[in-house]
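>>> Give the three-dimensional model of this entry:
(one chain, ligands or ions: 1)
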Amino acid sequence: MIFITFEGPEGSGKTTQIQLLERYLKSRNIDVVKTREPGGSILAEKIRELLLDPENKKMAPSAELLLYLASRAQHVQDKIMPALKNGKAVICDRFSDSTMAYQGYARGISKDLIKNLDTFATCGLKPDLTLYIDIDVGLGLRRARKRSGSKDRLELEKASFHNKVRKGYLALAKKEPRRIKVICGERTIEEISEQILFYTRKILKK
Ligand code: Z5A
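This next block holds a predicted model:
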């Protein structure tokens with residue numbers, strides 16, 4: 001029915017906003033499937049463990065990319081496609097734009113290569129709406145750390161890496177302004193939610 005993704009740097013508030021959007025859609029009697037990447041299905045969650053484990057700090061960038069895409073391919077096949085075919089709304093915490101921002105803009109892997117491999121992994125599936133929550137990298141990391149004491153493998157990257165991720169997202173939003181909406185994540189939870197609902201209502205009317 002409708003495929004909505006959330007994107008943003010670490011600690012930008014995606015999880016918080018996804019819960020509010022889910023509640024709103026359910027209040028409109030829309031069947032919702034809430035999911036996340038990496039992960040979202042049994043096999044994909046196993047790949048998530050490998051990807052986020054701080055023990056795997058020597059993971060090659062190419063292996064990292066292929067694992068994110070393997071997780072996505074399985075997730076799309078097992079959960080996202082079936083839900084959309086059954087007329088449900090799917091809300092996903094991170095999707096293809098994360099790969100472009102983290103592995104492309106920040107890690108420096110060819111964006112054309114990522115685009116081609118990602119199209120293969122998703123069978124060409126693209127979100128109808130992407131809500132990118134933009135936040136100062138330091139503020140996001142402080143929020144994430146306050147919430148959970150330990151750091152995962154990606155959180156251990158330097159601030160310069162996370163700043164490249166943020167710049168990457170803003171560049172992607174500039175390229176696809178109709179799909180990717182930039183939302184300032186430095187306001188209150190209620191203000192951010194209001195803007196997300198505004199864009200969601202617009203897409204539901206189409
Ligand atoms: N990754 C990748 O490299 N390539 C890919 O293709 C994919 C992913 C798909 C997955 O991390 C990592 O994988 C991620 C990118 C990479 N790594 N990094 N860095 P994850 O799934 O474990 O975590 P995350 O996606 O980065 O999100 P998060 O840390 O869980 O944060 P969040 O969901 O965006 O934020 P939150 O939990 O809603 O909020 C954080 C805290 O702030 C919490 O205590 C809230 O109560 C608080 N909060 C939320 N909103 C506000 C406002 N507005 N004001 C004040 N406080 C707030």
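>>> for the protein, which spans come out with low pLDDT?
The model of the chain has pLDDT under 70 over residues 149.
>>> Show me which residues of it sit near the ligand.
Within the chain, the positions adjacent to the ligand are 8, 10-16, 37-38, 68, 93-94, 98-99, 102-103, 143-144, 146-147, 152, 154-155, 188-189, 192 by CB under 6 Å from any ligand atom. All C-beta atoms are positioned from the backbone trio N, CA, C, and that covers glycine.
>>> Take those and keep only those in helices.
Those of the residues of the chain next to the ligand mapping onto helices are Lys14, Thr15, Thr16, Tyr68, Ser98, Thr99, Arg143, Ala144, Lys146, Arg147, Ile189, Ile192, per DSSP state H.
>>> Dead centre of the protein: give me the residue that sits there.
In the chain, the centroid-proximal residue (CA atoms, centre = their mean) is Arg94; its distance is 1.2 Å.
>>> and stretch 151-167, how far from the chain's centre?
Centroid separation between stretch 151-167 and its chain, computed with CA atoms, centre = their mean, to the nearest Å, is 15 Å.
>>> buried stuff in it?
Residues of stretch 151-167 classed as buried under the neighbour-count rule (16 or more other CB atoms under 10 Å) are Arg153, Leu154, Glu155, Glu157, His162, Lys164, Val165, Arg166.
>>> Stretch 136-154 now?
For stretch 136-154, the neighbour count (16+ other CB under 10 Å) marks Val137, Gly140, Leu141, Arg143, Ala144, Arg153, Leu154 as buried.
>>> and if you look at stretch 74-82?
Within stretch 74-82, the residues scored as buried using 16+ other CB under 10 Å are Gln74, His75, Val76, Gln77, Asp78, Lys79, Ile80, Met81.
>>> A strand includes the fourth one, no?
Think Gln77. No. Counting by DSSP: H, G, I helix; E, B strand; the rest coil, Gln77 is not part of a strand but helix.
>>> and it, what does it touch?
Gln77 makes no contacts at all, as judged by CB atoms under 8 Å, 6 or more residues apart in numbering.
>>> Distance check, Gly8 against Gly140.
8 Å (CB to CB, to the nearest Å).
>>> where do the contact lists of those two overlap?
Here Gly8 and Gly140 have Gly185 as joint contacts, going by CB under 8 Å, 6+ apart.
>>> Report the beta-bridge partner residues of the closest residue to Ala83 other than its chain neighbours.
Distances taken as CB to CB, 6 or more residues apart in numbering put Val33 closest to Ala83, at 4.2 Å, once the chain neighbours are dropped. For Val33, the beta-bridge partners are Val90 (DSSP bridges).
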